[in-house]
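Q: Mind looking at a prediction? Sequence and model below.
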Amino acid sequence: MATSDLFGPASSPPLSTPVAVAERMAALRAELQAHGHRYYVLDEPTLPDSEYDRLFKELQALEATHPQLLSADSPTQRVGGKPLAQFASVRHKVPMLSIRTETDTESTGAKNFDARVRKELGLTANDPPVEYVAELKFDGLAMSLRYENGVLVQAATRGDGEVGEDVTQNIRTINQIPLKLPSRSAGPPQARLAALGSVEATFPPAVLEVRGEVYMRRADFEALNEKQREKIGQGAKNEKTFVNPRNAAAGGVRQLDPAIAAQRRLSFFAYGLGEVTAPAQGGPDFNTHFELLQTLKSWGFPVAAQVERAQGAIELISYHQRMGAARDQLPYDIDGVVYKVNSLALQRQIGFVSREPRWAVAHKYPAQEQLTSVLAIDVQVGRTGKLTPVAKLAPVFVGGVTVTNATLHNEDEARRKDVRVGDTVIVRRAGDVIPEVVSVLLEKRVQDAPQFTMPRQCPICGSDAVRLEGEADYRCTGGLFCAAQRKEAILHYAHRRAVEIEGLGDKLVEQLVDANVIRTLPDLYKLGLTALASLDRMADKSASNLIDALEKSKQTTLPRFLFGLGIRHVGEATAKALARYFGTLDAVMDATEEQLIEVGDVGPIVAKSLRTFFEQPHNREVVAQLRACGVRWEESEEGRPAAAAPRLLAGKTFVITGTLPSLSRDEAKDRVEAAGGKVAGSVSKKTDFVVAGAEAGSKLLKAQELGLVVIDEAALLALLAAAAD
Ligand code: IVH
């Protein structure tokens, strides 16, 4: 039937005969079922939701007026049953077995399994590889679905493998699980369903038990927990959040009220069979497990796309690795992969040992989530002064390593998760991602556990910790004084564009700070030859070079010194603007936020940052000590002279390219800027001068193309000299 036949006009004329009504209802059921399959299983809806709803309502209306024509397999009957007092027991005709589990993180699981299978089959090294099917191991709960004559009649949990519980009412609410299977006699939509599979269309036998896993997708789990948190927030007493999708799924399946189960949005994957009509009685005669899975798919059951045939241990190992890497991107949790011998004849030959098939094995991945408790919440200070709250955990093995710390990122995150000392929490470590606290088990919280608050003082140095507007992080403002920031602060101060201490690089700073030779910046200037020479890999010559460089660095400029202090948001240009405007360091240190904002380059954020920095007595102390050590620069007491004086190069843009004979590029930049010019990184029509040195490349070419003025160093120096007059 073409889809349009069924949809007809929005308000169909009343159906005149009972036969017409019955036919219409059957057609609606079939179409709704086929569409449900496309929507929930294939994830390829072909009908707008509104149309689906319209057909659904039409069917509901016909069922209400013709209750004698209502059938249990109708899509309207997924949530129908009344709450139960308890679940009935179900004896499995074919026991639900579990499988042997390998837990190594390497490849031995696959190798050992393959070796055992080959031994059972009497194969030698010269025989070809055994063909397997590799599948995902879904992290949910096992379920057996029984269909008789194509209709779902019973769904049972695994229980002890022999006897489970009848959870049919709840399982019917899972949209991915067909209530009715395609049949030879049924109308065209179902025949279409059968044709969806890649194998030749066959029809399900009279008795069919499909085994698989009921699980919850991560997104559905998150949504459920979000709803639970809302309810708890509104004071609901008997509600709780769920630890993981598996627990939430298991809880949903074991609800006595199917209406509640329906809200859980469970999903299903098929991976095997239980009791099935024998081939002699007209049942299917599969040769391989792979073929069996493809057929289940053609009958409308969800089968994961990641099912693969694999030749021998090598391809199993590859599957294990690939799925391990893809694990985090899947929309649902897996806890491993499963390997099965593909040939059903070989499966029968290999058989079982005690209660486990010898032809299948589960190869697990390390769990990515574990429960543990919070021993403390520390605040760590990073190299740049950033304060990070970190939960100290009772050690727990998760994601393949022992975890004792989990970051809470920042104040907002810590508040949102509301982690408190003593809490039981779920920690997650997926792949190489740093461990995280996923959530707190609120029901396990000890009463009166205080809420975490970010400290207002740096836990390392005691300076104020501030959170600037628009930022997520608190930062320590004791930049120069704070031990956590020592290395960063020293490196920044010593940078060639700051105070410049030649030869004081990464490695050396690391050593000096780790050996506790340098605690604060002024300690640099107290370094003696003996202390230096005693360091690892420090030759006498380099030690004395460094002493010389330190001495040389004492004569600096105010902008370099200001920049070197490493005040947040105070870059080179700002430092220059401040120096030009205020003239002296004391004037900058004592300026109010309002005064600071008057400087062209300074906005409210920079002003605030400067203020908090210089309000820290520690920082002022360090500055005073540096000056006492002999660090000096020229100051202009009258203030603002540079800003006021008209400068020759004001408004002119320079681009410097290639290697100049005497000036470094930074020096040239400094001097242009000091004369009021601007230095840009790339050539454009707006460039006034291009200063080209040796081996100038594409920038020079572009300048020539644009017909710009190109000068050499000598011409630049002449220009600067003229500007200074
Ligand atoms: S096959 C006779 N395949 O893992 C073989 N089991 O002990 C029966 N599971 O709780 C199991 N994904 O529910 C098989 N692709 C898969 C599976 C799978 C998850 C579960 C199963 C059982 C456990 C195996």
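A: Nice, I can see it. Residues are numbered from 1 along each chain as shown.
Q: Longest helix in the chain, please.
A: In the chain, assigned by DSSP state H, the helix with the most residues is helix 18-36.
Q: just checking, what packs against the helix or strand just after that helix?
A: Counting by DSSP states H and E, the next helix or strand C-terminal to helix 18-36 is helix 49-65. The helices and strands touching helix 49-65, judged by 3 or more Cβ pairs under 8 Å, 6 or more residues apart in numbering; DSSP states H and E, are helix 3-7, helix 18-36. From N, CA and C alone the C-beta is placed, and that goes for glycine too.
Q: make it 7 Å
A: Helix 49-65 makes packing contacts with helix 18-36 when contacts are defined by 3 or more Cβ pairs under 7 Å, 6 or more residues apart in numbering; DSSP states H and E.
Q: ok, and for the helix it packs on, which residues are buried?
A: By neighbour count, with 16 or more other Cβ atoms under 10 Å as the criterion, the buried positions of helix 18-36 are 21, 24-25, 27-36.
Q: ok and that helix relative to helix 49-65, angle-wise?
A: What separates the directions of helix 18-36 and helix 49-65 is an angle of 140 degrees, with axes from the mean of the first three to the mean of the last three Cα atoms, to 10 degrees.
Q: Now do stretch 145-162: distance to the chain's middle.
A: Averaging C-alpha positions (Cα atoms, centre = their mean, to the nearest Å) puts stretch 145-162 38 Å from its chain's average.
Q: First-to-last residue distance for it?
A: 15 Å (Cα to Cα, to the nearest Å).
Q: Would you mark the buried spots in it?
A: The neighbour-count check on stretch 145-162 (16+ other Cβ under 10 Å) flags Leu145, Arg146, Tyr147, Gly150, Leu152, Gln154, Ala155, Ala156, Thr157, Arg158, Gly159 as buried.
Q: what two of these are the furthest from one another?
A: Of all pairs drawn from these, the greatest distance, 25.8 Å, lies between Gly150 and Gly159 (Cβ to Cβ).
Q: what residues does the stretch 201-350 of the chain put near the ligand?
A: Within the stretch 201-350 of the chain, the positions adjacent to the ligand are Glu213, Tyr271, Gly272, Val338 by Cβ under 6 Å from any ligand atom.
Q: how about TSV for those residues, with neighbour count and distance to Arg327 added?
A: Output for those, formatted as TSV (neighbours: other Cβ atoms under 10 Å; distance: Cβ to Cβ, whole Å):
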residue	neighbour count	distance to Arg327
Glu213	22	16
Tyr271	24	18
Gly272	20	22
Val338	22	14
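Q: Tell me which of the residues you listed fall in strands.
A: Within those, residues falling in strands by DSSP state E are Glu213, Tyr271, Gly272, Val338.
Q: Pull the contacting residues for the residue in the stretch 301-450 of the chain that the ligand sits nearest to.
A: Ranking the residues of the stretch 301-450 of the chain by distance to the ligand (Cβ to the nearest ligand atom) places Val338 first, at 4.2 Å. The contact partners of Val338, taken as Cβ atoms under 7 Å, 6 or more residues apart in numbering, are Ile99, Glu135, Lys137, Ala360, Ala362.
Q: now the strands for the stretch 151-300 of the chain?
A: If you assign secondary structure with DSSP state E, counting those that start in this stretch, the strands in the stretch 151-300 of the chain sit at 151-157, 163-165, 207-215, 267-276.
Q: was I right about Asn287 contacting Asn342?
A: No - counting by Cβ atoms under 7 Å, Asn287 does not reach Asn342; the two are 9.0 Å apart.
Q: For the stretch 451-600 of the chain, which segments count as helices?
A: Using DSSP state H, counting those that start in this stretch, the helices of the stretch 451-600 of the chain run over 486-494, 506-514, 529-533, 540-553, 558-564, 572-582, 585-590, 593-597.
Q: what angle separates the fourth one from helix 486-494?
A: Right, the one you point to is helix 540-553. Taking the same axes, to 10 degrees, helix 540-553 and helix 486-494 form an angle of 60 degrees between their directions.
Q: just checking, what packs against helix 540-553?
A: Helices and strands touching helix 540-553, by 3+ Cβ pairs under 7 Å, 6+ apart, are helix 529-533.
Q: which residues touch the helix it packs on?
A: Val517, Met538, Asp540, Ala543, Ser544, Leu546, Ile547.
Q: Kindly report the same for stretch 594-607.
A: Defining contact as Cβ under 7 Å, 6+ apart, one finds that stretch 594-607 is touched by Leu468, Glu469, His569, Val570, Ala573, Thr574, Ala577, Leu578, Tyr581, Glu593, Leu610.
Q: Would you mind measuring from the last one to Ala579?
A: Put plainly, it is Leu610. When distances are taken as Cβ to Cβ, to the nearest Å, Leu610 and Ala579 turn out to be 13 Å apart.
Q: And the third one, by the same measure?
A: Using Cβ to Cβ, one obtains 16 Å as the distance from His569 to Ala579.
Q: higher neighbour count, those two?
A: Here His569 and Ala579 are compared on neighbour count by other Cβ atoms under 10 Å; more neighbours surround Ala579, at 26 against 15.
Q: what's near enough to touch the more buried one?
A: If you count contacts by Cβ under 7 Å, 6+ apart, Ala579 has them with Leu558, Pro559, Leu562.
Q: Might one say that the last one is in contact with Arg580?
A: No - Leu562 sits out of contact with Arg580 when judged by Cβ under 7 Å, with a separation of 10.8 Å.
Q: picking that back up, among the contacts of Val338, which are in strands?
A: Taking DSSP E, the ones among those that sit in strands are Glu135, Lys137, Ala360, Ala362.
Q: Could you name the specific helix or strand carrying the spatially most central residue of the chain?
A: Against the mean C-alpha coordinate of the chain, by Cα atoms, centre = their mean, the closest residue is Val433 at 7.8 Å. Using DSSP H and E, no element contains Val433; it sits outside every helix and strand.
Q: how far away is the residue of the stretch 251-400 of the chain found nearest the ligand from Gly399?
A: Proximity of the stretch 251-400 of the chain to the ligand (Cβ to the nearest ligand atom) peaks at Tyr271, 3.8 Å away. With distances taken as Cβ to Cβ, Tyr271 is found 25 Å from Gly399.
Q: Touching the one helix or strand Arg146 maps to from outside, list them.
A: Using DSSP H and E, Arg146 sits in strand 141-148. Under the criterion Cβ under 7 Å, 6+ apart, residues 92, 96, 152-158, 171, 177, 181, 204, 206-214, 249-250, 253, 274 lie in contact with strand 141-148.
Q: for it, the distance to its chain's centre please.
A: Going by Cα atoms, centre = their mean, the spacing between the C-alpha centre of strand 141-148 and its chain's C-alpha centre is 35 Å.
Q: following the helix or strand bottoming out on mean pLDDT in the chain, which helix or strand shows up next?
A: When each helix and strand of the chain is scored by mean pLDDT, DSSP states H and E, helix 641-644 comes last, with a mean of 44. If you walk from helix 641-644 toward the C-terminus, the next helix or strand you reach (DSSP H and E) is strand 653-657.
Q: Nearest residue to Leu622 in space, please, no chain neighbours.
A: In this structure residue 622 is Val, not Leu. Closest residue to Val622 in three dimensions, ignoring its sequence neighbours and counting by Cβ to Cβ, 6 or more residues apart in numbering: Leu480, at 4.2 Å.
Q: Backbone dihedrals for that neighbour, please?
A: The phi/psi pair for Leu480 (degrees, to the nearest 10) reads phi -80, psi -20.
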